[in-house]
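# got a predicted structure here, sequence first:
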Amino acid sequence: MFAARSSRRLKRWLVGISAMVLAFLVAPVSPAHAAGGDIPVPATTFKDKGAGAVSAADLDFVVKVRLAGLWEIPAGNMAQEKSDDPRVVTIGKSIAAQHVVLDQLDRDVAKKLDIQLPSEPNADQQGWLGEMKAANSTTFDQIFIDRLRAAHGKIFPAIASIRATTRNDSVRQLAQQANQFVMTHMTLLESSGIVDYGALPTAAAPVAPGGGPVPVDAQMVAAASSGNSGIPGANTTVILLVLAAALVAGVITTMRIFRAR
């Protein structure tokens, strides 16, 4: 009788452990939500010595990052003062604080590369700030969200272009860092639930439909399909399913052994 009880307990224990492990293996991994507070500056492996030629596009990028901070910091501050929506207040606070950090990173690079930076927003940005100043609590939120979301959408591809092509290590690092900030800000703005996507510009039609922006060869496909497993041709889903099947088989085998005893 004692052996029978022990066998039943062991079976229940094995089934419980199996269920927990299976749930862990097949559960989807949820991406981290955009936090309302400051974000850590992305770590990079670049030397950041200011080494490498600085192109006209690099110089323009460093200036644009500075201009972004010059108008988005006061815009975020206005959101905290004028909006009645707690979501918009939090978004404004987060974007303003994060742009202070990004602006310092940008000014450090400009000093290292001897790039002259502007001290006030450009005419378009001053116009957007004027719209926000003139808006009341009813109209402010939509103007704030739409203007900032459109601006981030424009600089996002510019960051990718600089990150992919620059010869200067300091500009490369700044582009890497700016990409993280801009992605976070776009997500924060979209979390308001009031972005007018229909008003955003559409992407240009591809020159060669289906060809993609970069050539794709067999080696790239093989690398993508290998994922993080290190096994060519295998993907994460297949590996998880194989592990799950092996676990179930092991549990069944163990239960049969104890039943035979």
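Sure, I can see it.
# what confidence value was assigned to residue 250?
In this model, residue 250 is scored at 62, pLDDT.
# and if you look at residue 219?
54.
# and the protein, split by domain according to the record?
Listed by automatic domain parsing, the domain ranges of the chain are 1-30+217-261, 56-199.
# which of those domains comes out lowest on mean pLDDT?
Among the domains of the chain, domain 1-30+217-261 carries the lowest mean pLDDT (a mean of 52).
# report the buried residues of the strand or helix carrying residue 188.
Using DSSP states H and E, residue 188 maps to helix 169-190. Buried positions in helix 169-190, judged by neighbour count with 16 or more other CB atoms under 10 Å: 169-182, 184-186, 188-190. Using the backbone N, CA and C atoms, a C-beta is placed for each residue, glycine as well.
# again with stretch 58-73
58-59, 61-73.
# so of these, which ones are in helices?
58-59, 61-73 (DSSP state H).
# how about these, which pair is most distant?
58 and 73 (23.4 Å; CB to CB).
# report all helices and strands that the helix holding residue 188 contacts.
In terms of contacts (3 or more CB pairs under 8 Å, 6 or more residues apart in numbering; DSSP states H and E), helix 169-190 is packed against helix 56-82, helix 86-113, helix 140-165.
# same list, the ones you listed, but as CSV with distance to residue 119 please.
Listed next are these as CSV, based on distance: least, CB to CB, whole Å:
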stretch, distance to residue 119
helix 56-82, 8
helix 86-113, 11
helix 140-165, 19
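# nearest to residue 120, of these?
helix 56-82 (6.2 Å).
# ok, residue 204 to residue 153 distance?
13 Å (CB to CB, to the nearest Å).
# and those two? Which one has more around it.
residue 153 (14 against 6; other CB atoms under 10 Å).
# just give the nearest non-adjacent residue to the more buried one, would you?
residue 200 (6.0 Å; CB to CB, 6 or more residues apart in numbering).
# burial count for the one you found?
Neighbours around residue 200, by other CB under 10 Å: 13.
# give the contact list for it.
149, 150, 153 (CB atoms under 8 Å, 6 or more residues apart in numbering).
# pretty sure the second one is touching residue 199, no?
Spelled out, that is residue 150. Yes. With contact defined as CB atoms under 8 Å, residue 150 reaches residue 199; the gap is 7.5 Å.
# those two - which one has more neighbours?
Neighbour comparison, residue 150 and residue 199: the larger count goes to residue 150, with 16 against 9 (by other CB under 10 Å).
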